[in-house]
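Asker: here are the coordinates; sequence isn't available:
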């Protein structure tokens, strides 16, 4: 399958590329040229956590600014599927122009080039307002608030949904929150009950690209590993995408209980 | 009052009616007025996406009538639809950010009933149905502006969130005779199609929404309210029943063809 990736210079894209490059032909696009490393790669503390690409090979690269519809359209020519990973976070202008306008341009390109399968990506927009809730599903109404990043990604999602529902497209939307290397032995700063490894992230993209048609034209999924807090889960991704998280960070959510303590609880009638 | 989209046909009519009612109206739009505002206080041309333009716009303002999301698709180039979405959504964000910072807590926002047109014609669609806008900016721009504004009414991070009444208007009738009209020559009122909303009815709805906000600035309950302002004919696609009940919207029946 020939797949074009928009926003291919970031870490999530690296995870997707690492998984897809074994079996698919990739066209990578980004506003940043490939010889200019992503800011995270220039930060030693974060570069260590960049996704690995064990089967790395060269791919076609096309410079694309997603705020320019002609560039987006040309990059989609001849492709079978689209993955949109483009994102800008706190910028008051570019967040709207990349996250919302860019998403609109990508969907315009999909329609114009006759590409049905689009994998859209975004942050969870169901965490902040639901911070004290549990069993939160991907179908919970988005509550992004007024901050630039979540709001503009939400507006982009709604534009994508509109194209999907009215133009006969198949959109699979993957929602993420926190990424962490599978080999991390302890929780990294920012880890949350909505967490996934880079490897499982890449496998989610493979599942999304290769999945059969979904029940709805716009089908969103929570992509998280299995965690014990009971807040978020990936049941829908398991059921419809046949995606299973392999990395479950077993040491991250357990505390050490000294043997004497455990024996004391048992003798007191505890579990 | 600040009136955005003030150069549009609806904006001009709303501005004239508010000014006639004794309100000091500051109009704004990205395009100039096509004729001098009748009785307005002032008019400033500029883009709501520019925070430096918006902040002084709000000086002394207590209430906003935000019609720009409806007006922008009519004035911006149609060959760049995403630019229209950006102007509508980001402009709404800039406007409401400045409004909350300056303590403006009452807003009437204009939107379109076309966001419901994708539903089959034989369904009784009201305010409880999920909008299904098509990607066209005439539907998508007001819809994204709605979503943006709604977040301002319920963001727990905001100290003093605004109360916003969103009016989704049916397609406005071309016939009017009110100021600012730039469309085809005005037809007599009796030729207004049954599916269209007379301009006077739309203006009346804005006035009723402003009255409702003035009487009941929400201390509790939902600060985001949506009302459909439909064509008055019994055969019309949508109904204004909720607006009649909650706002006292009672547009006079217009003679129809």
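Answerer: Here it is on my side, so go on. All figures in this text were calculated on a predicted structure; none of them were measured in a lab. Numbers count the residues shown, from 1 in each chain, chains lettered A, B, ... in the order given.

Asker: Wait, residue A:166 touches residue B:136, no?
Answerer: No - Residue A:166 is beyond contact range of residue B:136, at 9.4 Å (criterion: Cβ atoms under 8 Å). C-betas here are computed from N, CA, C, even on glycine.

Asker: all helices for the chain, in order.
Answerer: No chain was given, so I picked chain A. All helices of chain A, identified by DSSP state H, fall at A:11-20, A:39-42, A:44-47, A:69-75, A:94, A:103-113, A:148-167, A:198-210, A:235-241, A:259-267.

Asker: um, chain B though
Answerer: Ranges of helices in chain B, per DSSP H, are B:9-20, B:51-57, B:68-75, B:81-101, B:137-154, B:199-215, B:241-247.

Asker: Just put the ones you listed in TSV and tack on mean pLDDT and distance to chain A.
Answerer: Shown next, in TSV, are those (pLDDT from 0 to 100; distance: least, Cβ to the nearest Cβ, whole Å):
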stretch	mean pLDDT	distance to chain A
helix B:9-20	94	23
helix B:51-57	98	8
helix B:68-75	96	13
helix B:81-101	98	4
helix B:137-154	97	5
helix B:199-215	95	20
helix B:241-247	94	20
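
Asker: Switch these over to a markdown table; also include distance to residue A:93 and mean neighbour count.
Answerer: Below are these laid out as a markdown table (distance: least, Cβ to Cβ, whole Å; neighbours: other Cβ atoms under 10 Å in any protein chain shown):
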| stretch | distance to residue A:93 | mean neighbour count |
| --- | --- | --- |
| helix B:9-20 | 25 | 24 |
| helix B:51-57 | 10 | 15 |
| helix B:68-75 | 17 | 25 |
| helix B:81-101 | 7 | 24 |
| helix B:137-154 | 15 | 25 |
| helix B:199-215 | 30 | 21 |
| helix B:241-247 | 36 | 17 |
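
Asker: nearest to residue A:100, of these?
Answerer: The closest of the helices of chain B to residue A:100 is helix B:81-101. By Cβ to Cβ, the value is 6.3 Å.

Asker: List the residues that contact the residue positioned nearest the centre of chain B.
Answerer: The centroid of chain B falls nearest to residue B:110 when counting by Cα atoms, centre = their mean (1.8 Å). By Cβ atoms under 8 Å, 6 or more residues apart in numbering or on different chains, residue B:110 lies in contact with B:5, B:10, B:65-67, B:69-70, B:142, B:166-167, B:169, B:206.

Asker: cool, and residue A:62?
Answerer: Residue A:62 sits next to A:27-29, A:74-75 when contact means Cβ under 8 Å, 6+ apart.

Asker: What of residue A:206?
Answerer: Going by Cβ under 8 Å, 6+ apart, residue A:206 touches A:19-20.

Asker: ok, back up a step: can you say which of the contacts of residue A:62 are buried?
Answerer: Among the contacts of residue A:62, those classed as buried by 16 or more other Cβ atoms under 10 Å in any protein chain shown are A:27-29, A:75.

Asker: Turn those residues into TSV, columns for pLDDT.
Answerer: Below are these laid out as TSV (pLDDT from 0 to 100):
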residue	pLDDT
A:27	98
A:28	97
A:29	98
A:75	98
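
Asker: and of those, the nearest to residue A:46?
Answerer: Using Cβ to Cβ, residue A:28 comes nearest to residue A:46 of those, at 20.7 Å.

Asker: Identify the residue spatially nearest to that closest one, adjacent ones excluded.
Answerer: Among residues not flanking residue A:28 along the chain, residue A:8 sits closest, at 3.8 Å (Cβ to Cβ, 6 or more residues apart in numbering or on different chains).

Asker: Quick one, grab the pLDDT at the one you found.
Answerer: pLDDT, residue A:8: 96.

Asker: How about residue B:109?
Answerer: 98.

Asker: what bridges to it?
Answerer: Applying DSSP bridges to residue B:109 yields these beta-bridge partners: residue B:66, residue B:166.

Asker: how about it, what does it touch?
Answerer: Neighbours of residue B:109 in contact, by Cβ under 8 Å, 6+ apart: B:66-67, B:69, B:92, B:145-146, B:149, B:164-167.

Asker: Residue B:34 - how many residues pack around it?
Answerer: Residues near residue B:34, counting by other Cβ atoms under 10 Å in any protein chain shown, number 13.

Asker: again but with residue B:31, I slipped
Answerer: Neighbours around residue B:31, by other Cβ under 10 Å: 16.

Asker: about what we covered before: so for residue B:100, which of the helices of chain A sits nearest?
Answerer: Minimum separation from residue B:100 across the helices of chain A (Cβ to Cβ) falls at helix A:148-167, 14.1 Å.

Asker: do the closest one and chain B meet at all?
Answerer: Yes - judged by Cβ under 8 Å from any Cβ of the partner chain, helix A:148-167 comes into contact with chain B through A:151-152, A:154-155, A:158-159, A:162-163, A:165-167.

Asker: For ChimeraX, what selects the buried ones among those residues?
Answerer: Buried members of the residues of helix A:148-167 next to chain B, defined by 16+ other Cβ under 10 Å, are picked up in ChimeraX with:
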select /A:151,152,154,155,158,159,162,163,165,166,167
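
Asker: would you turn the residues of helix A:148-167 next to chain B into CSV with pLDDT?
Answerer: Compiled in CSV, the residues of helix A:148-167 next to chain B are given as follows (pLDDT from 0 to 100):
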residue, pLDDT
A:151, 96
A:152, 97
A:154, 96
A:155, 97
A:158, 97
A:159, 98
A:162, 97
A:163, 98
A:165, 96
A:166, 96
A:167, 96
